[in-house]
Structures are given as structure tokens and as C-alpha cells.
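kindly generate the corresponding structure for this input.
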Amino acid sequence: MKQGMKAGASALTLSALIGLTACGGSSDSAGSSDGSGKKTATIQLAIASAVTGPKEEVATFSVAKEQGFLAEENLDVKTINTDGSVAAVQAVASGSADISPSDASAILAAREKGVPVVAVGGLVQNWPWRIATAPGSEVTSPEDLKGRKIGVISLASGSAPYARAFVEDAGLDPEKDVDLVPVGVGSQALSALESGKVDALALYTQAYTTIELTGKKFDYLENGERFDGIRSLTYVVREDTLRSRKDEITRFLRASYKGMLFSAVNPEAAMKDGYAVFPAILSGQEAEDRIANDAEILKTWVASATPAEGEPESFKDWGAISDEAWISTADYMKAAGNITEDPDIKALWDDSLLKDVNDFDAAAVISKAKSATK
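Reported below is the predicted structural model:
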């Protein structure tokens, strides 16, 4: 079960973390013996938002827990909720958590402010944001957005900088030519579009899939080349945690990527694991009434975090991020105003764990997923 963050923790600014990191530290790694003489290490995982639907926590943590991947690594993982990626990075920086899958923008911003956090493994590798319009809309090209209103999740969410970058890529001035209107997600966002409150939406693919499963349709504007290779969710730890708990972080990442592979092969079985670990997803409904749609939504999310081409049997190099991808991501974040300088990629990114992280029997995971009850 998830544990709540202390009141007010998510309100801290990134600049305040410089002071927090002076007194924060890694969570206690001590644990109980598993009977073989090896101690089970405890890992504190910061979740960027409450788990009320199929998303990354289902594909990684829930599956890793329910399918025994964490147990195989002698890990006991506890979770805490935070209010977005910035707050999740704050939790890691302050020592409230050991690791978090947080948006790359929050990690880059923290590094620029001197916060000693480091990215250790990629998660979402295919840009998930899209601009959508209602079928039959007069907005059929990015240029048509001039003088229009774009619905974003919130002005503090990743959809706002994406919308600004999208219109800028079309040769428009994001400050003068468009208005960004917070509309949330789900039925609230759909209502804003259908009522004419906004002319387009800036959401992630998973959010659109959730709405489309109700029978609604969207038209989509094409993203420009500037969005190719930009990274989103990425695992982040403190520098001292990486030094002192390298083996435990390696084991956690390995279990998480096993969960990803399992989810890619059998999203329905993965979704059932999600219900077991995060029953709030069901909202009081029966699993059999939710499983078909939820598995389809999870499948959409998994597609953003696995190679765009090929079958699960061919997936490899879990967690890898190239320097070119980091440069593209940093360029995008500078244009969006999240950072002001080019980052030191060698300080920001440490891929030293990934060789050992990828040292697992993928065929065995795939076989387990295929044999799991759907």
C-alpha cells in the first residue's frame, strides 16, 4: 500500500533542495533475512502521482512484485506518493525516497540548480504527447492554431511546455498566438473540447486512448522532427545512493525491466497484477468489467516505453539513453523554459549499471508472461 508524503513536501521549490540535500540521506537498506542468509534490502520508491489508472507503476512495480521479480532480487519495495515529477525528484533529493521514475525535465532542472541527483535508466523512450482536435475541426495543421485555445492538463504539467514547443515549431509565438487553458484529463478535457472552450488538446497518448475507448474520436496534428528522440520518464537517484547502494539499485532496475517485458507480452495479466497492488484503480468496480479497457490503455503506455519496432523477443538494452537523445531532450527543455543551460551529460547520466541490469533471462520472462492467466 502506498504511503503519503508529509504535508507540504510537494510545495518545495527545486532551489530549496540544495539545502535539503545537505541533511538528507539514503533510506535504510537493512531488511530481514530471506532464509538463505541473504538480507532483503528495502527500497523506497517515489511515485509521481496517485495510481488510479494503468500506467508505469503497473508495468514495472506491480508486475515485478506480483510475479516475484522483486523477491528474486531480495528486495522489499515501499512506495510513497508525490504530486508530480518535480516533487518525486524532491523526495529522492531529500532522502525520503531512493529512486523514482520522473520526467526528464524535472531531473534536468534539478541538476541545473546543483541538486546531486543522477539519471540511471530510461523508461519512456517514445515521445508520448500529441495535439488533438475534434473531427471536422477547422484546425487541420499546426499553423491553424494561431489565435486558438489549447487545452493542457495544467500549467504545471508537461503538456504546457509541449504545447508551447509545438506551436513554436509551427512558426507561431507561444506567448502571443495561442492561449493555454487548464482542462485536466478524461471527461473534463473532452468536455472542454466538445463545448468549444478549447480548440485543441495537448495530452499524452494514454489519455487519448482512455477517452477513445468510450467511442469518442480525435484527429491528430503531426509532431515535428524536433520531438524525435526526446526522453520522458527516467529513473533518478541521489549521487550518494548510487555510490552506496549500487547493487540494490541495479537489482531494482532489473526487476522493473522484467516487469516491462512481461507487460509487453501479456498486458491483461499485468493489469491484474496492477489491481492486486493498487486496488484504487478499480474505483469499486469488478475487475472483469474493467480488464479489457484497462489492458488496452496499459498497452498504449507500454508502447511508449518499449522499442517502436520489433517484437518483445527482440527487445534489449533496457534503460539505455544515448548522448544524442539527452542533447535533444535538453534542447527541447531549454526551448520550453525548463532549463537555461546545456547540461553536463556525464554528470547527469550514469549508465554504469545497465550491463548488469540487462543480465537476465528474457526468454524465461516471456515464457512466464505467455503462460500467465489472461
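
let me see the contact set for the spatially most central residue of the chain.
The centroid of the chain falls nearest to Leu233 when counting by C-alpha atoms, centre = their mean (3.7 Å). By C-beta atoms under 8 Å, 6 or more residues apart in numbering, Leu233 lies in contact with Glu56, Ser85, Pro101, Ser102, Asp103, Ala104, Leu123, Val124, Ala305. (C-beta placed from N, C-alpha, C; glycine too.)

not counting sequence-adjacent ones, nearest residue to the first one?
The reference is to Glu56. Once flanking residues are discounted, Glu56 sits nearest to Pro101: 5.6 Å by C-beta to C-beta, 6 or more residues apart in numbering.

secondary structure class for that neighbour?
strand (DSSP: H, G, I helix; E, B strand; the rest coil).

ok, now how distant is it from Gly186?
According to C-beta to C-beta, to the nearest Å, Pro101 and Gly186 sit 22 Å apart.

now do the phi/psi pair for the nearest residue to Asp317 once chain neighbours are set aside.
Leaving aside its chain neighbours, Asp317 sits nearest to Asn358 (6.6 Å; criterion: C-beta to C-beta, 6+ apart). Main-chain torsions, Asn358, degrees, to the nearest 10: phi -80, psi 0.

wait, isn't Asn358 in contact with Leu261?
No: contact criterion C-beta atoms under 8 Å: Asn358 and Leu261 do not qualify, at 10.8 Å.

wait, Leu190 touches Glu212, no?
No: using C-beta under 8 Å, Leu190 and Glu212 do not qualify as a contacting pair, with a distance of 10.0 Å.

neighbour count for those two, which is higher?
Set Leu190 next to Glu212 and count neighbours by other C-beta atoms under 10 Å: Leu190 wins out with 23 against 15.

contact partners for that one?
Counted by C-beta under 8 Å, 6+ apart, Leu190 has contacts Ile211, Lys216.

that one sits in which helix or strand?
For Leu190, the host element (DSSP states H and E) is helix 186-194.

coming back round to it: the residue nearest to Glu56 bridge partners, please.
Pro101 has the following beta-bridge partners by DSSP bridges: Tyr235.

OK, contacts around it?
Per C-beta under 8 Å, 6+ apart, neighbours of Pro101: Ala48, Glu56, Thr60, Ala88, Leu123, Leu233, Thr234, Tyr235, Val236.

from these, pick the one nearest Ser322.
Thr234 (12.9 Å; C-beta to C-beta).

can you show me the helices along the stretch 51-200 of the chain?
Assigned by DSSP state H, counting those that start in this stretch, the helices in the stretch 51-200 of the chain fall at 56-57, 63-66, 69-72, 85-94, 104-112, 159-169, 186-194.

please identify the most buried of these.
Ranked by average neighbour count under the criterion mean count of other C-beta atoms under 10 Å, the helices of the stretch 51-200 of the chain are headed by helix 85-94 at a mean of 28.

mind checking how far that one is from the chain centre?
14 Å (C-alpha atoms, centre = their mean, to the nearest Å).

now swap in stretch 151-164 and tell me
15 Å.

which single one of the contacts of Pro101 is nearest to Ala363?
Thr60 (19.9 Å).

just the pLDDT for the spatially closest residue to that closest one that is not a sequence neighbour.
In space, and not counting its chain neighbours, Thr60 is closest to Ser256: 4.2 Å by C-beta to C-beta, 6+ apart. Taken from the predicted model, the pLDDT recorded for Ser256 is 98.

only alpha carbons, please: show the strand or helix carrying Ser256 as PDB.
Following DSSP H and E, one finds Ser256 within helix 246-265. What follows is helix 246-265, C-alpha atoms only, in PDB (Å, rounded to 0.1, in the frame of the first residue of the first chain):
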ATOM      1  CA  LYS A 246      24.800   0.400  -6.400                       C
ATOM      2  CA  ASP A 247      24.000  -3.300  -6.200                       C
ATOM      3  CA  GLU A 248      20.500  -2.700  -4.800                       C
ATOM      4  CA  ILE A 249      19.600  -0.100  -7.400                       C
ATOM      5  CA  THR A 250      20.800  -2.500 -10.100                       C
ATOM      6  CA  ARG A 251      18.600  -5.200  -8.800                       C
ATOM      7  CA  PHE A 252      15.600  -2.900  -8.600                       C
ATOM      8  CA  LEU A 253      16.100  -1.700 -12.200                       C
ATOM      9  CA  ARG A 254      16.500  -5.300 -13.400                       C
ATOM     10  CA  ALA A 255      13.200  -6.300 -11.700                       C
ATOM     11  CA  SER A 256      11.500  -3.300 -13.100                       C
ATOM     12  CA  TYR A 257      12.500  -4.000 -16.700                       C
ATOM     13  CA  LYS A 258      11.500  -7.600 -16.300                       C
ATOM     14  CA  GLY A 259       8.100  -6.200 -15.400                       C
ATOM     15  CA  MET A 260       8.100  -4.100 -18.500                       C
ATOM     16  CA  LEU A 261       8.900  -7.100 -20.700                       C
ATOM     17  CA  PHE A 262       6.200  -9.200 -19.000                       C
ATOM     18  CA  SER A 263       3.700  -6.300 -19.600                       C
ATOM     19  CA  ALA A 264       4.600  -6.000 -23.300                       C
ATOM     20  CA  VAL A 265       3.900  -9.700 -23.800                       C
END
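
mind putting the helices of the stretch 51-200 of the chain in JSON lines, distance to Met271 and mean pLDDT included?
Output for these, formatted as JSON lines (distance: least, C-beta to C-beta, whole Å; pLDDT from 0 to 100):
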{"stretch": "helix 56-57", "distance to Met271": "12", "mean pLDDT": "94"}
{"stretch": "helix 63-66", "distance to Met271": "9", "mean pLDDT": "98"}
{"stretch": "helix 69-72", "distance to Met271": "17", "mean pLDDT": "98"}
{"stretch": "helix 85-94", "distance to Met271": "23", "mean pLDDT": "93"}
{"stretch": "helix 104-112", "distance to Met271": "26", "mean pLDDT": "94"}
{"stretch": "helix 159-169", "distance to Met271": "25", "mean pLDDT": "90"}
{"stretch": "helix 186-194", "distance to Met271": "18", "mean pLDDT": "96"}
